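In: Next input, structure requested:
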Amino acid sequence: MSTQPSPIQRGRPRTIPEAPVSSQYAASFLNMHPKTLLRKAREGSLPAHPVGRDRKRWHFYLSELDHWLRSQVISVSHPRRQPQGDYIG
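Out: Numbering: from 1, shown residues only. This next block holds a predicted model:
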C-alpha cells in the first residue's frame, strides 16, 4: 500500500450541465410578466429554446438570462460624460 496521495486528474474539468427553468421562474428572475417573457422568446429578443414544433413550451437557462440581462443594462446605460477643464486621465 502506497502512502502517496492519489494522482490529480488532468485534462478538461468536468462541468455539471445546467438544468432549464420554467417560464414562470425565468419571468420571476427577470422581473417581468410571464406573457412578456414568452412574447420576447417567440420574437427571439431573449435567449430561449423552444421545445417541440409548436413553440408553446420553452426552456430557459439562468446563466443565459443573466448574461442577457447584464448586456441589456450595459447597452442602455448612459454614455460616459466627456471630461471638462484641466482633467488629466
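In: Please name the residues that touch residue 23.
Out: Contact partners of residue 23, counting by C-beta atoms under 8 Å, 6 or more residues apart in numbering, are 34, 37, 38, 41, 58, 60. For glycine as for every other residue, the C-beta is placed from the backbone atoms N, C-alpha and C.
In: go again using 10 Å as the cut-off
Out: 34, 35, 37, 38, 41, 48, 57, 58, 59, 60 (C-beta atoms under 10 Å, 6 or more residues apart in numbering).
In: can you list the residues you listed in TSV and add pLDDT, distance to residue 14 and secondary structure?
Out: Listed next are those as TSV, based on pLDDT from 0 to 100; distance: C-beta to C-beta, whole Å; DSSP: H, G, I helix; E, B strand; the rest coil:
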residue	pLDDT	distance to residue 14	secondary structure
34	95	34	helix
35	95	38	helix
37	95	32	helix
38	94	34	helix
41	94	30	helix
48	95	27	coil
57	88	29	strand
58	92	28	strand
59	93	22	strand
60	96	24	strand
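In: out of the residues you listed, which are buried?
Out: 37, 38, 41, 48, 58, 59, 60 (16 or more other C-beta atoms under 10 Å).
In: shaky segments in the protein?
Out: 1-13, 74-89 (pLDDT under 70).
In: Helices of that one, start to end?
Out: 23-30, 34-43, 62-75 (DSSP state H).
In: and which of the buried ones among the contacts of residue 23 is nearest residue 29?
Out: Nearest to residue 29 among the buried ones among the contacts of residue 23: residue 60, at 8.2 Å, using C-beta to C-beta.
In: The spatially closest residue to the closest one that is not a sequence neighbour - how many residues pack around it?
Out: Spatial nearest neighbour of residue 60, chain neighbours left out: residue 26 (3.8 Å); criterion: C-beta to C-beta, 6 or more residues apart in numbering. Neighbouring residues of residue 26 were enumerated by other C-beta atoms under 10 Å; the total is 25.
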